[in-house]
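Asker: coords please:
(chains A and B)
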There are 2 protein chains.
Amino acid sequence: MRDFQDATLAYEASPGMPVLIDAVRDYYRELGVELEPNDVLITTGGSEALLLTFLSILDPYTEVIIPEPYYPNYTTFVHAAGGRIRALPTCPEEGYQYAYRERIESLITNNTRAIMITNPGNPTGVVLNEQQMRMIADIAKKHDLFLICDEVYREFCYDDQFGVPCMARYRDLDENLIIIDSVSKRFSACGARVGCVVTRNKELQQALLKFCQSRLAVATIDQVGAAALYSVPKSYYAESKEKYRQRRDLVVSRLRQIPGVGVEEPMGAFYLMVSLPVDDADKFQQWLLTSFDDQGQTVMFAPGAPFYETPGKGINEVRIAYVLDLPELERAMELLALGIARYRKEVMGIEE
Amino acid sequence: MRDFQDATLAYEASPGMPVLIDAVRDYYRELGVELEPNDVLITTGGSEALLLTFLSILDPYTEVIIPEPYYPNYTTFVHAAGGRIRALPTCPEEGYQYAYRERIESLITNNTRAIMITNPGNPTGVVLNEQQMRMIADIAKKHDLFLICDEVYREFCYDDQFGVPCMARYRDLDENLIIIDSVSKRFSACGARVGCVVTRNKELQQALLKFCQSRLAVATIDQVGAAALYSVPKSYYAESKEKYRQRRDLVVSRLRQIPGVGVEEPMGAFYLMVSLPVDDADKFQQWLLTSFDDQGQTVMFAPGAPFYETPGKGINEVRIAYVLDLPELERAMELLALGIARYRKEVMGIEE
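Answerer: You can find the predicted model right below:
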């Protein structure tokens, strides 16, 4: 980006700069996925990829089936397009697994337009195996639905040397599949705001392109930078994953030492949902911020309820993002343990 | 931007970086408009400012009154929000003027949510005078409508030393007014994709903020660059305007020498709508690209019809953007004159 020499920051092509589209295609080729240039539409982050996708495929009152808990901003994007989310319930006791054919098919109605999954999952860290991916692909095909796969955490999969297999390898799914992608997590470049939609459905490409044209272009400099990111040495991915694996292992081991905390080891992404022995995680979080400290420090998580569509769920859950360095994570877990003990005593009145 | 030293491109605050918000506020202060930090929401270009505005204020089937011809992408953004455009007709014979109270009020219904103007106008170059601005403000207030002012061409006003007065000077309009702004035209930085929504309406600020939060942030580097742009010396604005004034004068004088071309001198922005002595401007444009050349060169304009909501209007009009240097503009006008003469003879069969 520092070497950028153009005298004027002009509008780039609406579908994205060819240098970046080609970098994305090269990256996908390594995953075993051959893409045409038109199959990739560069967007302002994965966020715009989501918004434009829903604007393109949803009419008022149509529905998207999404396993809950899910990334809360999905709600805003679906609602902006006039649609609704049909939540596919999961539970902590089953490790938030959602790949059950009967449960998914029971939610399909005439209003259903798409099934959407995040794989690896935010906030649960659930990763689908090959058999589960194929089963969900079959459901989408059988019922003629779009299958939206948010794969922005693709490389963060701790039980597979090569990351999560991309859904786009299933060529019988060309008309159904929409991949949401982004450089934000892959390259720790959230502030670049560069993502893309990948689809081989020509009609959908046309609809997406109209929205891309209406907003003219993605920022020039950031596209230049994103294209360069894709040329990192391959060792980067393994090193980055190893760093997050260590963070995950530390957080899980510390959480298992706190009495009453329910935790499953997440397989991917860099989040986990945990249930805490408190009455209300949101209230507990506010208390941590206003009434608790240890040597002047406290700790903050994302309360779990906003990750659920179903009212009343996630009340005692929180999402932990293990995106800090190990010493900070260690201290955060210490503060959580201290906070839980003191909250149970002082606020809930429990003597242990 | 080259001096940016942060090790990581993290998400910035959803409403925008404070350094940029403050730069925008300083700029508005010079226009006589005092803004609180919350009155400014930084967006990914004026495009996102428009989309988020319509998503925030429109329900399905509600309407926005917009003088036609207008910037065609307004249609996409209004439709994305489920709304409809109610066109306020103008005509070349009246110089595309639209500030007529009775005509505007006759279009207001129970479904009307907003009046929207582009001042200075794209594609017409029409600029409102103070009396007209006040009159339109009064209509919005009287009927309790939002007034959306797209003022991205503010400095490009050729009959006023200080640019177009900002609508936000009318403090009685605080609850109604939404300003759409951008660095793209002001600083010739289209590829930065940095704009903003300016409004003092607190409820609307909250709605807009929710959409801003859902897409997380605007690109970091571009915000840093945009903030720096606002520190250009004041002479920049006058020099830039003088350059465009010369371009306008050249184009208008050359157009007046072409028989049958209808042209009014535009007061602002850097566009003009002209009527050509051809049967169909779109057909003529295609012919210019496929069947015409002079020494290997041809010329391209934007056909007029897409700037109109009303079917059948603008058929023989084109929009000319005078954004080239003088020698290229001179040559473009020469090619237009040659093209018209040859098209009338060869395609329309008119001997002159």
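
Asker: Enumerate the residues of the stretch 151-300 of chain A near chain B.
Answerer: Proximity of the stretch 151-300 of chain A to chain B, by CB under 8 Å from any CB of the partner chain, involves residues A:188-193, A:210-211, A:213-222, A:225. Where C-beta positions appear, they are placed from N, C-alpha and C, glycine not excepted.

Asker: Quick check on these: which are buried?
Answerer: Among these, those buried by neighbour count (16 or more other CB atoms under 10 Å in any protein chain shown) are A:188-193, A:210-211, A:214-222, A:225.

Asker: In helices only, show me those residues.
Answerer: Of those, the ones assigned to helices by DSSP state H are A:Lys210, A:Phe211, A:Ser214, A:Thr220, A:Ile221, A:Asp222, A:Gly225.

Asker: A:Leu338 contacts A:Asp294, correct?
Answerer: Yes. The criterion here is CB atoms under 8 Å, and A:Leu338 meets it with A:Asp294 at 5.4 Å.

Asker: Neighbour count for those two, which is higher?
Answerer: A:Leu338 (18 against 13; other CB atoms under 10 Å in any protein chain shown).

Asker: and the closest residue to A:Gly82 other than its chain neighbours, what pLDDT?
Answerer: If the residues on either side of it in the chain are set aside, A:Gly82 comes closest to A:Pro60, at 3.8 Å by CB to CB, 6 or more residues apart in numbering or on different chains. Looking at A:Pro60, its pLDDT is 90.

Asker: got the contact list for the most centrally placed residue in chain A?
Answerer: The centroid of chain A falls nearest to A:Asn122 when counting by CA atoms, centre = their mean (4.4 Å). Each residue near A:Asn122 by CB atoms under 8 Å, 6 or more residues apart in numbering or on different chains is listed here: A:Tyr70, A:Tyr71, A:Asp150, A:Tyr153, A:Ala269, A:Tyr271.

Asker: now do A:Pro72
Answerer: For A:Pro72, the contact set (CB under 8 Å, 6+ apart) comprises A:Pro306, A:Phe307.

Asker: Compute the distance between it and A:Ala23, please.
Answerer: Remark: distance between A:Pro72 and A:Ala23 (CB to CB, to the nearest Å) = 30 Å.

Asker: what's the answer for A:Ala168, then?
Answerer: The separation that A:Ala168 has from A:Ala23, given CB to CB, amounts to 17 Å.

Asker: Where does pLDDT dip in chain A?
Answerer: A:160-162 (pLDDT under 70).

Asker: for chain A, what spans make up the helices?
Answerer: A:18-30, A:45-57, A:73-80, A:101-105, A:130-142, A:202-214, A:220-229, A:235-256, A:281-290, A:326-346.

Asker: what does the last one contact?
Answerer: The reference is to helix A:326-346. Residues outside helix A:326-346 that contact it (CB under 8 Å, 6+ apart) are A:246-247, A:250-251, A:254-255, A:257-258, A:260-261, A:276-278, A:284, A:287-288, A:292, A:294, A:297-299, A:301, A:322, A:324, A:350-352.

Asker: So A:Tyr74 sits against A:Ile85, correct?
Answerer: Yes. The pair A:Tyr74 / A:Ile85 is scored as a contact, 6.8 Å apart, by CB under 8 Å.

Asker: can you count the residues close to A:Ala337?
Answerer: 17.

Asker: so what's A:Ile180 up against?
Answerer: Applying CB under 8 Å, 6+ apart, we find A:Ile180 in contact with A:Gly46, A:Ala49, A:Leu50, A:Thr53, A:Ile148, A:Cys149, A:Asp150, A:Glu151, A:Val152, A:Gly195, A:Val197.

Asker: what bridges to the closest residue to it other than its chain neighbours?
Answerer: In this structure, A:Ile180 finds its nearest non-sequential neighbour in A:Asp150, 4.3 Å apart by CB to CB, 6+ apart. With DSSP bridges as the criterion, A:Asp150 is bridged to A:Thr118, A:Ile180.

Asker: picking up where we left off before, anything in contact with each of A:Tyr74 and A:Ile85?
Answerer: What both A:Tyr74 and A:Ile85 touch, as defined by CB under 8 Å, 6+ apart, is the set A:Val64, A:Ile66.

Asker: In terms of neighbours, single out the busier of these two.
Answerer: Between A:Tyr74 and A:Ile85, counting by other CB under 10 Å, A:Tyr74 is the more crowded of the two (23 against 18).

Asker: Next, find the distance separating A:Tyr170 from chain B.
Answerer: 30 Å (CB to the nearest CB, to the nearest Å).

Asker: give me every residue that touches that residue.
Answerer: By CB under 8 Å, 6+ apart, the neighbours of A:Tyr170 are A:Met133, A:Arg134, A:Ala137, A:Leu177.

Asker: Write the PyMOL selection for whichever of these are buried.
Answerer: Of these, the buried ones go into a single PyMOL selection, burial set by 16+ other CB under 10 Å:
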select buried, chain A and resi 133+137+177
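
Asker: of the contacts of A:Tyr170, closest to chain B?
Answerer: A:Leu177 (23.2 Å; CB to the nearest CB).

Asker: Leaving aside the residues adjacent along the chain, what's closest to that closest one?
Answerer: A:Leu147 (5.3 Å).

Asker: Measure how buried the one you found is and give me the count.
Answerer: 21.

Asker: and what of A:Val126?
Answerer: Residues lying near A:Val126 (other CB under 10 Å) number 26.

Asker: Surely it touches A:Met267?
Answerer: Yes. In terms of CB under 8 Å, A:Val126 counts as a neighbour of A:Met267; the distance is 6.6 Å.

Asker: list residues touching both of those two?
Answerer: A:Pro120.

Asker: gap between the two ends of stretch A:179-186?
Answerer: 15 Å (CA to CA, to the nearest Å).
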